[in-house]
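Novice: dropping a prediction and its sequence here:
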There are 2 protein chains.
Amino acid sequence: MPHIDEHALEDIAEGAVILGSGGGGDPYIGMLMARQAIREHGAVELVTLEDLDGEDLVLCCAMMGAPTVMVEKVPGGDEVVHAVRAVERYLGRRAAATMSGEIGGLNSMMPIYAAARLRLPLVDCDGTGRAFPQVHMSLYTLHGISATPFALTDARGNTVMLETVDKQTTEILARTLTIAMGGVAQVAADAATVSELREATVPRTVTQARRIGAAIRAARNQDAQPVETVRRAAEGFLVFEGRVEDVERSTGGGFSTGHADLDGIDGHKGRHMRLDFQNEFLAARIDGDYVVTVPDLITLLDRDSGQPITAEGVRFGYRVAVVGIPVTPKWRTSAGLGLAGPRCFGYDVDYVPVEERFG
Amino acid sequence: MPHIDEHALEDIAEGAVILGSGGGGDPYIGMLMARQAIREHGAVELVTLEDLDGEDLVLCCAMMGAPTVMVEKVPGGDEVVHAVRAVERYLGRRAAATMSGEIGGLNSMMPIYAAARLRLPLVDCDGTGRAFPQVHMSLYTLHGISATPFALTDARGNTVMLETVDKQTTEILARTLTIAMGGVAQVAADAATVSELREATVPRTVTQARRIGAAIRAARNQDAQPVETVRRAAEGFLVFEGRVEDVERSTGGGFSTGHADLDGIDGHKGRHMRLDFQNEFLAARIDGDYVVTVPDLITLLDRDSGQPITAEGVRFGYRVAVVGIPVTPKWRTSAGLGLAGPRCFGYDVDYVPVEERFG
């Protein structure tokens, strides 16, 4: 069986930024926590759904809250154990493994942290294949897997268990509670059996993140073609190269919303790109025409180093490559596009897979 | 066994206003709900702790939220059943009876409503002997009975279970959730065995409320001495008679805070009373000297009808009798005064039992 040791963990964290499509939350604090847990409790076994029994219970672990709070108040550790135990107690059975609800960003790390602390394996899959701004935008929703029982815990030892009628209510109550609990909470939720998860997950996304992360590391270490190295590892397509001329951003309701304007360079000279984001990059237009949209992934790479640049981190003057990555086919169904297609974000355009325009 | 039928229910609701010490929330909406439940499911059996087995589990039921919202959105009923079932599921055992956490005001009614819906008996006791502004001010706190597991449910079918490290956190999270759940929630909490409850409850307060309520009804029906009739039933002391000259009130943080100024009439002519309230009446001063304070009860009666007037309802021009009612001796210990004595509300005075000044 493969294992996630410290080095694999660091690669997964870097690759998860790419799979975050510009959002998903900075994995750094989660990586620190997971690294400490691995140092104390040993490497985490990485399994596939096929390695488990069909009736085995798998839980997603996640962190909710404001990144600035997280950095100041690094969670102590026990709270994720409390969250998992609360769900187990509610259901009257133990979890056989943990996994990510979404592989993109911070929530790639929390299940590894929990797995190390609980001595459980991590399943090499996730429920989204990227990051989305809203909790209900996951394959679990498409396949009728409830987010509840949904446990939140804080560093003081408080536990809250939600059992809601829909995922929107879960999200509203969980966000409200996270603020009341001091700004950050650990979550265990999305309990499902291995049989239920087969359709509702994207397989091998932990391994995918690790492979991309290794490429980012290689690109940083004196690569002649850093963007190309990372693009290839991410199996993405070069969409645009440009210089950031303007960024507009507003924050509210838990979202960082805005757009970045790019002037083309090199092969894209004379052309203009606008990138919209709501935590994640949602849509890219060239000279007014949509060229990549959700649910495909849009990622920004620093032209000189190949390092990913998030929507939060993009600044005037950056010279970037815009890479589009095909999302899992599971989002390309009419049901998938109905939940997370361009129209769900207010774009009145049909979804066109990125590889049809740039492949 | 005595039973609570519709008529008893209406008397209990009226008497609970007196035991609310000017606050506790208007029982009216709860009375309507409980009356409907009694009509559908039959009268509720009223038992004492002695009638139950020492290991029997008793739950408190309550409603949280804004009274104006309650009037607009009368809860459907099932939510209190969901709340009780959630606590039962959490604890792995069934409740043998319901009771009031505080007899004063609205929360006298919700346990009756729940008892009728669940076909359980109601215990003739409560955990406070009056109403207090804050959830942690109860005999349960004095005797180490946890408020959690604390279940909140709403009319849409959402359930939240809190397990907190202290009662202040329970209160903060519950109030936050109540707002997020639409402004009103049903609560089941304070699970305890009959053995644990013997010290932590005030016995026979449901019967006490009923007796006072019957007196209020009698006073309304052409009584020559309405105030005296109600005072006697409440076993209280006449503290002041006056006309309301001024009311100052501010609302915030879930509290209605302020004071009412009274000019004396009849035997109190030439004297002045100030009544402070924070939801409940907390302290009464005559010409600047404190004469009644928490934890004793302070109630206002309309001079002409004997009907109680709440802190929320007191208005300029009302002619009122101020009646002080001795609180249960369980609050008169040093521990009790440490939790709900005058200093807990910012009054730098020693507690003097009302009967020592007016008996």
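Specialist: Nice, thanks for sending it over.

Novice: enumerate every residue touching A:Pro295.
Specialist: A:Arg130, A:Phe132, A:Val327, A:Trp331, A:Arg332, A:Gly336, A:Leu337, A:Ala340, A:Gly341, A:Tyr351 (C-beta atoms under 8 Å, 6 or more residues apart in numbering or on different chains). C-beta coordinates here come from the backbone N, C-alpha and C atoms, glycine included.

Novice: got a winner among those for most neighbours?
Specialist: Neighbour tally across those (other C-beta atoms under 10 Å in any protein chain shown): the maximum, 32 neighbours, falls on A:Arg130.

Novice: look at A:Pro133 and tell me its secondary structure.
Specialist: coil (DSSP: H, G, I helix; E, B strand; the rest coil).

Novice: dump the contacts of A:Pro295 into TSV; add secondary structure, pLDDT and distance to A:Asp53 as well.
Specialist: Shown next, in TSV, are the contacts of A:Pro295 (DSSP: H, G, I helix; E, B strand; the rest coil; pLDDT from 0 to 100; distance: C-beta to C-beta, whole Å):
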residue	secondary structure	pLDDT	distance to A:Asp53
A:Arg130	coil	97	28
A:Phe132	coil	94	30
A:Val327	coil	98	30
A:Trp331	helix	98	28
A:Arg332	coil	98	30
A:Gly336	helix	97	28
A:Leu337	helix	98	33
A:Ala340	helix	97	31
A:Gly341	coil	97	35
A:Tyr351	coil	98	37
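
Novice: ok, those vs B:Asn107, which is closest?
Specialist: A:Phe132 (42.2 Å; C-beta to C-beta).

Novice: quick one: the closest one from B:Ala62, how far?
Specialist: 38 Å (C-beta to C-beta, to the nearest Å).

Novice: so who does the most centrally placed residue in chain A touch?
Specialist: For chain A, the residue nearest the mean C-alpha position is A:Gly104 (1.7 Å; C-alpha atoms, centre = their mean). Applying C-beta under 8 Å, 6+ apart, we find A:Gly104 in contact with A:Ala16, A:Val17, A:Leu19, A:Gly20, A:Ser21, A:Gly23, A:Gly24, A:Thr128, A:Arg130, A:Ala131, A:Glu280.

Novice: most neighbours among these, which one?
Specialist: A:Ala16 leads those on contacts (other C-beta under 10 Å) with 35 neighbours.

Novice: who's in contact with A:Leu52?
Specialist: A:Val58, A:Ala96, A:Ala97, A:Val123, A:Val194.

Novice: now do the strands in the stretch 51-200 of chain A.
Specialist: Secondary structure of the stretch 51-200 of chain A (DSSP state E, counting those that start in this stretch): strands at A:57-65, A:97-100, A:122-126, A:150-153, A:159-163, A:184-193.

Novice: quick check: which of these is nearest to A:Ala234?
Specialist: Once those are compared by C-beta to C-beta, strand A:122-126 is nearest, at 15.5 Å.

Novice: for the closest one, what is the average pLDDT?
Specialist: The pLDDT scores in strand A:122-126 average 98.

Novice: hey, C-alpha coordinates of it in PDB?
Specialist: Extracted in PDB, the C-alpha atoms of strand A:122-126 (Å, rounded to 0.1, in the frame of the first residue of the first chain):
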ATOM      1  CA  LEU A 122      -7.200   8.000   3.600                       C
ATOM      2  CA  VAL A 123      -9.200   7.200   0.500                       C
ATOM      3  CA  ASP A 124      -7.500   8.300  -2.800                       C
ATOM      4  CA  CYS A 125     -10.500  10.200  -4.100                       C
ATOM      5  CA  ASP A 126     -12.600  13.200  -3.400                       C
END
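
Novice: can you give the strand pairings for it, parallel or anti for each?
Specialist: Sheet pairing of strand A:122-126 (DSSP bridges) gives strand A:44-47 (parallel), strand A:97-100 (parallel), strand A:202-203 (antiparallel).

Novice: what's it in contact with?
Specialist: Contacts of strand A:122-126 (C-beta under 8 Å, 6+ apart): A:4, A:44-49, A:52, A:58, A:97-103, A:108, A:111-112, A:115, A:197, A:201-207.

Novice: buried ones among those residues?
Specialist: A:4, A:44-49, A:52, A:58, A:97-103, A:108, A:111-112, A:115, A:197, A:201-203, A:205-207 (16 or more other C-beta atoms under 10 Å in any protein chain shown).

Novice: helices or strands up against the strand or helix carrying A:Leu282?
Specialist: Using DSSP states H and E, A:Leu282 sits within strand A:280-286. Secondary-structure packing of strand A:280-286 (3 or more C-beta pairs under 8 Å, 6 or more residues apart in numbering or on different chains; DSSP states H and E): strand A:237-252, strand A:272-278, strand A:289-293, strand A:297-302.

Novice: note down every partner strand of the shortest one and its orientation.
Specialist: Strand A:289-293 has the following strand partners under DSSP bridges: strand A:280-286 (antiparallel).

Novice: please apply the same query to the second one.
Specialist: Its sheet considered, strand A:272-278 pairs with strand A:255-264 (antiparallel), strand A:280-286 (antiparallel) by DSSP bridges.

Novice: so for it, what's the average pLDDT?
Specialist: The predicted model gives strand A:272-278 an average pLDDT of 97.

Novice: now the closest residue to A:Gly42 other than its chain neighbours: how far from A:Ser100?
Specialist: Spatial nearest neighbour of A:Gly42, chain neighbours left out: A:Ala116 (7.3 Å); criterion: C-beta to C-beta, 6 or more residues apart in numbering or on different chains. For A:Ala116, the distance to A:Ser100 equals 14 Å [C-beta to C-beta].

Novice: try A:Leu282
Specialist: Taken as C-beta to C-beta, the span from A:Leu282 to A:Ser100 is 21 Å.

Novice: one more: A:Glu55?
Specialist: Following C-beta to C-beta, the distance that separates A:Glu55 from A:Ser100 is 21 Å.

Novice: just A:Arg198 next, same as before
Specialist: 16 Å.

Novice: likewise A:Asp304?
Specialist: Separation of A:Asp304 from A:Ser100 (C-beta to C-beta) stands at 31 Å.

Novice: now do A:Phe316
Specialist: From A:Phe316 to A:Ser100 the distance is 33 Å (C-beta to C-beta).

Novice: next: A:Ile179.
Specialist: Taken as C-beta to C-beta, the span from A:Ile179 to A:Ser100 is 24 Å.

Novice: now do A:Cys61
Specialist: For A:Cys61, the distance to A:Ser100 - C-beta to C-beta - is 8 Å.

Novice: find residues that contact each of the two.
Specialist: Shared contacts of A:Cys61 and A:Ser100, defined by C-beta under 8 Å, 6+ apart, are found at A:Asn107, A:Met110, A:Pro111.

Novice: isn't the second one up against A:Val80?
Specialist: Okay, so that is A:Met110. Yes - if you go by C-beta atoms under 8 Å, A:Met110 and A:Val80 touch, sitting 6.8 Å apart.
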